[in-house]
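Undergrad: Sequence first, predicted model second:
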Amino acid sequence: MNLQLNNKLFLVGGATSGFGKAITELLVAEGAHVIAVARTESKLKDLQNKSPNIETVAADLSEESALKKVLDQIGDSVLTGAVINSGGPPAMPAMKTRLRDWDDAYKTVVRWKIALTQALLPKMMEEGYGRLLYIESVSTKQPVENLVLSNAMRLAVTGYVKTLSQEIGDSGVTLNILGPGYHATQRMENLFAKNSELKGVLEEDIRKTFSDQTAVKQLGNPKDFASLALWLLSPYSRYITGQTITVDGGLVKGTMG
(Lines give C-alpha, C1' and ligand atoms only; values in the text may rest on other atoms or scores of the structure.)
Protein backbone atom coordinates (compact mmCIF):
# COMPACT_ATOMS: atom_id res chain seq x y z
CA MET A 1 0.00 0.00 0.00
CA ASN A 2 1.23 3.49 -0.87
CA LEU A 3 0.74 5.47 2.35
CA GLN A 4 1.01 8.80 0.50
CA LEU A 5 3.86 10.02 2.70
CA ASN A 6 6.33 10.84 -0.07
CA ASN A 7 7.96 14.27 0.43
CA LYS A 8 5.84 14.95 3.53
CA LEU A 9 7.57 16.37 6.61
CA PHE A 10 7.33 14.71 10.03
CA LEU A 11 8.77 15.44 13.45
CA VAL A 12 9.88 12.41 15.46
CA GLY A 13 10.93 12.54 19.10
CA GLY A 14 13.24 9.97 20.66
CA ALA A 15 14.41 9.22 17.12
CA THR A 16 17.66 7.42 17.82
CA SER A 17 16.37 4.40 19.71
CA GLY A 18 13.41 2.09 20.17
CA PHE A 19 10.10 3.10 18.64
CA GLY A 20 11.29 6.54 17.53
CA LYS A 21 14.14 5.07 15.52
CA ALA A 22 11.94 2.39 13.96
CA ILE A 23 9.33 4.98 12.95
CA THR A 24 11.98 7.33 11.56
CA GLU A 25 13.54 4.62 9.41
CA LEU A 26 10.17 3.48 8.09
CA LEU A 27 9.08 7.04 7.29
CA VAL A 28 12.26 7.60 5.28
CA ALA A 29 11.71 4.30 3.48
CA GLU A 30 8.30 5.65 2.43
CA GLY A 31 9.93 8.77 0.98
CA ALA A 32 9.07 11.13 3.82
CA HIS A 33 11.35 13.79 5.30
CA VAL A 34 12.00 13.63 9.04
CA ILE A 35 13.15 16.10 11.66
CA ALA A 36 14.67 13.70 14.17
CA VAL A 37 14.97 14.83 17.79
CA ALA A 38 17.06 13.11 20.46
CA ARG A 39 19.46 14.02 23.24
CA THR A 40 22.67 12.43 21.94
CA GLU A 41 24.26 14.26 19.02
CA SER A 42 26.54 11.37 18.01
CA LYS A 43 23.57 9.02 17.65
CA LEU A 44 21.73 11.66 15.63
CA LYS A 45 24.68 11.94 13.25
CA ASP A 46 24.69 8.16 12.79
CA LEU A 47 20.98 8.31 11.98
CA GLN A 48 21.37 11.25 9.61
CA ASN A 49 24.09 9.42 7.68
CA LYS A 50 21.49 6.84 6.66
CA SER A 51 19.45 9.25 4.54
CA PRO A 52 19.54 12.79 3.13
CA ASN A 53 15.87 13.04 4.14
CA ILE A 54 16.74 13.28 7.83
CA GLU A 55 17.38 16.56 9.64
CA THR A 56 18.35 16.50 13.29
CA VAL A 57 17.83 18.48 16.48
CA ALA A 58 19.89 17.59 19.54
CA ALA A 59 17.64 18.34 22.50
CA ASP A 60 15.89 16.88 25.50
CA LEU A 61 12.22 17.39 24.74
CA SER A 62 11.34 17.61 28.43
CA GLU A 63 13.46 20.78 28.70
CA GLU A 64 11.83 24.11 27.84
CA SER A 65 14.76 25.16 25.65
CA ALA A 66 14.07 22.24 23.29
CA LEU A 67 10.79 23.70 22.04
CA LYS A 68 12.44 26.72 20.45
CA LYS A 69 15.07 24.52 18.78
CA VAL A 70 12.38 22.32 17.28
CA LEU A 71 10.25 25.22 16.07
CA ASP A 72 13.29 26.95 14.55
CA GLN A 73 14.12 23.75 12.65
CA ILE A 74 10.59 23.49 11.28
CA GLY A 75 10.59 27.15 10.30
CA ASP A 76 8.04 27.93 7.60
CA SER A 77 7.84 24.33 6.40
CA VAL A 78 4.50 22.55 6.42
CA LEU A 79 4.58 19.84 9.05
CA THR A 80 2.36 16.91 8.13
CA GLY A 81 2.63 15.08 11.43
CA ALA A 82 4.52 14.60 14.66
CA VAL A 83 5.45 11.57 16.70
CA ILE A 84 5.45 12.84 20.28
CA ASN A 85 7.73 10.39 21.98
CA SER A 86 10.39 10.36 24.67
CA GLY A 87 11.62 8.28 27.57
CA GLY A 88 9.63 7.69 30.70
CA PRO A 89 10.22 8.18 34.43
CA PRO A 90 12.28 5.74 36.50
CA ALA A 91 10.85 2.44 37.65
CA MET A 92 9.75 2.28 41.29
CA PRO A 93 6.82 1.03 43.38
CA ALA A 94 4.28 3.52 44.73
CA MET A 95 5.43 3.32 48.36
CA LYS A 96 9.00 4.25 47.41
CA THR A 97 8.08 7.50 45.65
CA ARG A 98 8.59 10.99 47.02
CA LEU A 99 6.69 14.10 45.98
CA ARG A 100 9.78 15.24 44.09
CA ASP A 101 9.55 12.09 41.97
CA TRP A 102 6.00 13.04 41.01
CA ASP A 103 7.03 16.57 40.10
CA ASP A 104 9.83 15.21 37.90
CA ALA A 105 7.51 12.66 36.29
CA TYR A 106 4.99 15.37 35.37
CA LYS A 107 7.78 17.26 33.63
CA THR A 108 9.12 14.14 31.91
CA VAL A 109 5.82 12.65 30.74
CA VAL A 110 3.14 15.35 30.57
CA ARG A 111 4.18 18.99 30.53
CA TRP A 112 6.39 19.12 27.45
CA LYS A 113 3.87 17.19 25.36
CA ILE A 114 1.21 19.78 26.06
CA ALA A 115 3.64 22.60 25.25
CA LEU A 116 4.69 20.98 21.96
CA THR A 117 1.09 20.23 20.99
CA GLN A 118 0.05 23.82 21.67
CA ALA A 119 2.95 25.04 19.53
CA LEU A 120 2.31 22.76 16.53
CA LEU A 121 -1.47 22.64 16.45
CA PRO A 122 -2.43 26.16 15.27
CA LYS A 123 -0.50 25.89 11.99
CA MET A 124 -1.83 22.40 11.33
CA MET A 125 -5.35 23.68 11.86
CA GLU A 126 -4.69 26.53 9.43
CA GLU A 127 -3.58 23.95 6.86
CA GLY A 128 -6.67 21.87 7.60
CA TYR A 129 -4.57 18.74 8.03
CA GLY A 130 -2.26 17.13 10.55
CA ARG A 131 -1.42 13.95 12.39
CA LEU A 132 -0.33 13.98 16.03
CA LEU A 133 0.69 10.60 17.39
CA TYR A 134 1.66 10.13 21.04
CA ILE A 135 3.73 7.12 22.04
CA GLU A 136 2.75 6.21 25.59
CA SER A 137 2.48 2.76 27.17
CA VAL A 138 0.28 -0.26 27.65
CA SER A 139 -0.14 1.16 31.16
CA THR A 140 -2.85 3.43 29.74
CA LYS A 141 -5.02 0.29 29.80
CA GLN A 142 -3.38 -1.90 32.45
CA PRO A 143 -0.82 -0.91 35.13
CA VAL A 144 2.72 -2.22 34.82
CA GLU A 145 4.38 -3.48 37.99
CA ASN A 146 6.93 -1.10 39.59
CA LEU A 147 6.07 1.70 37.13
CA VAL A 148 3.65 3.75 39.22
CA LEU A 149 4.94 7.10 37.90
CA SER A 150 4.43 6.04 34.30
CA ASN A 151 1.11 4.34 35.08
CA ALA A 152 -0.31 7.54 36.54
CA MET A 153 1.20 10.23 34.32
CA ARG A 154 0.47 8.54 31.01
CA LEU A 155 -3.20 8.48 31.93
CA ALA A 156 -2.98 12.26 32.22
CA VAL A 157 -1.77 12.41 28.61
CA THR A 158 -4.62 10.11 27.59
CA GLY A 159 -7.17 12.45 29.15
CA TYR A 160 -5.61 15.48 27.49
CA VAL A 161 -5.46 13.90 24.02
CA LYS A 162 -9.01 12.57 24.20
CA THR A 163 -10.40 15.95 25.31
CA LEU A 164 -8.47 17.90 22.68
CA SER A 165 -9.48 15.51 19.90
CA GLN A 166 -13.12 16.19 20.73
CA GLU A 167 -12.61 19.95 20.76
CA ILE A 168 -10.94 20.08 17.31
CA GLY A 169 -12.54 17.07 15.69
CA ASP A 170 -13.60 18.90 12.52
CA SER A 171 -10.23 20.61 11.94
CA GLY A 172 -8.62 17.93 9.79
CA VAL A 173 -6.09 17.22 12.54
CA THR A 174 -6.23 13.84 14.28
CA LEU A 175 -4.68 12.94 17.62
CA ASN A 176 -4.09 9.35 18.66
CA ILE A 177 -2.08 7.37 21.17
CA LEU A 178 -0.18 4.14 20.70
CA GLY A 179 0.43 2.17 23.88
CA PRO A 180 3.27 -0.30 23.38
CA GLY A 181 3.44 -3.39 25.51
CA TYR A 182 6.62 -5.35 26.03
CA HIS A 183 8.93 -4.80 23.06
CA ALA A 184 12.61 -5.50 22.55
CA THR A 185 13.84 -1.98 23.36
CA GLN A 186 16.48 -0.53 25.68
CA ARG A 187 13.70 0.81 27.89
CA MET A 188 12.51 -2.75 28.52
CA GLU A 189 16.06 -3.95 29.18
CA ASN A 190 16.33 -1.27 31.85
CA LEU A 191 13.05 -2.45 33.36
CA PHE A 192 14.25 -6.06 33.38
CA ALA A 193 17.40 -4.97 35.20
CA LYS A 194 15.43 -2.99 37.78
CA ASN A 195 13.07 -5.89 38.47
CA SER A 196 16.02 -8.26 38.70
CA GLU A 197 17.60 -6.01 41.32
CA LEU A 198 14.37 -5.63 43.32
CA LYS A 199 13.49 -9.32 43.30
CA GLY A 200 16.93 -10.93 43.32
CA VAL A 201 16.11 -12.91 40.18
CA LEU A 202 18.18 -13.36 37.01
CA GLU A 203 17.37 -10.88 34.23
CA GLU A 204 16.73 -13.74 31.81
CA ASP A 205 14.09 -15.14 34.13
CA ILE A 206 12.50 -11.68 34.42
CA ARG A 207 12.49 -11.35 30.62
CA LYS A 208 10.70 -14.72 30.29
CA THR A 209 8.17 -13.71 32.93
CA PHE A 210 7.29 -10.60 30.93
CA SER A 211 7.10 -12.51 27.64
CA ASP A 212 4.87 -15.16 29.16
CA GLN A 213 2.34 -12.51 30.21
CA THR A 214 1.48 -11.89 26.55
CA ALA A 215 -0.85 -14.07 24.51
CA VAL A 216 1.84 -14.58 21.86
CA LYS A 217 4.52 -15.46 24.45
CA GLN A 218 7.19 -13.16 23.04
CA LEU A 219 8.43 -9.58 23.08
CA GLY A 220 7.32 -7.30 20.27
CA ASN A 221 9.48 -5.97 17.43
CA PRO A 222 9.70 -2.15 17.23
CA LYS A 223 9.51 -2.39 13.42
CA ASP A 224 6.08 -4.01 13.62
CA PHE A 225 4.97 -1.27 16.00
CA ALA A 226 6.25 1.33 13.54
CA SER A 227 4.12 -0.05 10.71
CA LEU A 228 0.93 0.80 12.61
CA ALA A 229 2.35 4.18 13.56
CA LEU A 230 2.91 5.01 9.88
CA TRP A 231 -0.66 4.13 8.99
CA LEU A 232 -1.91 6.44 11.74
CA LEU A 233 0.36 9.16 10.34
CA SER A 234 -1.07 8.70 6.85
CA PRO A 235 -4.19 10.13 5.16
CA TYR A 236 -5.85 6.71 5.47
CA SER A 237 -6.38 7.24 9.21
CA ARG A 238 -8.62 10.29 8.77
CA TYR A 239 -11.57 8.64 10.56
CA ILE A 240 -9.52 7.62 13.60
CA THR A 241 -9.03 10.22 16.31
CA GLY A 242 -8.89 10.37 20.10
CA GLN A 243 -8.05 6.68 20.32
CA THR A 244 -5.60 4.85 22.55
CA ILE A 245 -4.51 1.69 20.76
CA THR A 246 -2.38 -0.84 22.59
CA VAL A 247 0.21 -2.82 20.64
CA ASP A 248 0.90 -5.51 23.17
CA GLY A 249 0.75 -9.07 21.85
CA GLY A 250 -2.41 -9.68 23.88
CA LEU A 251 -0.97 -8.46 27.18
CA VAL A 252 -4.05 -6.47 28.20
CA LYS A 253 -6.69 -8.86 29.44
CA GLY A 254 -9.62 -6.46 29.58
CA THR A 255 -12.15 -6.41 26.74
CA MET A 256 -11.50 -2.68 26.19
CA GLY A 257 -7.76 -3.25 25.60
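TA: Cool, got the structure.
Undergrad: what about Ser51, how many residues close to it?
TA: When neighbours are defined as other CB atoms under 10 Å, Ser51 has 16 of them. For every residue, glycine as well, the C-beta is placed using N, CA and C.
Undergrad: Please give me every residue in contact with it.
TA: Counting by CB atoms under 8 Å, 6 or more residues apart in numbering, Ser51 makes contact with Val28.
Undergrad: Kindly list the longest strand within the protein.
TA: strand 173-180 (DSSP state E).
Undergrad: List the neighbouring strands of that strand plus their orientation.
TA: strand 130-135 (parallel), strand 244-247 (parallel) (DSSP bridges).
Undergrad: Out of those, which is closest to Lys113?
TA: strand 130-135 (6.7 Å; CB to CB).
Undergrad: so the helix or strand following that closest one versus strand 130-135, what angle?
TA: Of the helices and strands lying after strand 130-135 in sequence (DSSP states H and E), the nearest is helix 148-167. Calculated by axes from the mean of the first three to the mean of the last three CA atoms, to 10 degrees, helix 148-167 forms an angle of 160 degrees with strand 130-135.
Undergrad: thinking again about what came up before, can you list the neighbours in contact with the longest strand of the chain?
TA: 19, 117, 121, 124-125, 129-141, 154, 157-158, 161, 164-165, 220, 225, 228-229, 232, 237-238, 240-248.
Undergrad: same for the very next helix or strand once past it, what does it pack against?
TA: Later in the chain than strand 173-180, the nearest helix or strand by DSSP H and E is helix 186-199. On a contact count with 3 or more CB pairs under 8 Å, 6 or more residues apart in numbering; DSSP states H and E, helix 186-199 meets helix 203-212.
Undergrad: Tell me what angle the helix it packs on forms with helix 186-199.
TA: 120 degrees.
Undergrad: Tell me the helix or strand right after helix 203-212.
TA: With secondary structure assigned by DSSP H and E, helix 203-212 is succeeded by helix 222-232.
Undergrad: Check which helices and strands that following helix sits against.
TA: Going by 3+ CB pairs under 8 Å, 6+ apart, helix 222-232 lies up against helix 18-29, strand 130-135, strand 173-180, strand 244-247.
Undergrad: Could you export those as CSV, including mean neighbour count and distance to Ser62?
TA: Below are the helices and strands packed on helix 222-232 laid out as CSV (neighbours: other CB atoms under 10 Å; distance: least, CB to CB, whole Å):
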stretch, mean neighbour count, distance to Ser62
helix 18-29, 24, 14
strand 130-135, 24, 14
strand 173-180, 24, 18
strand 244-247, 20, 21
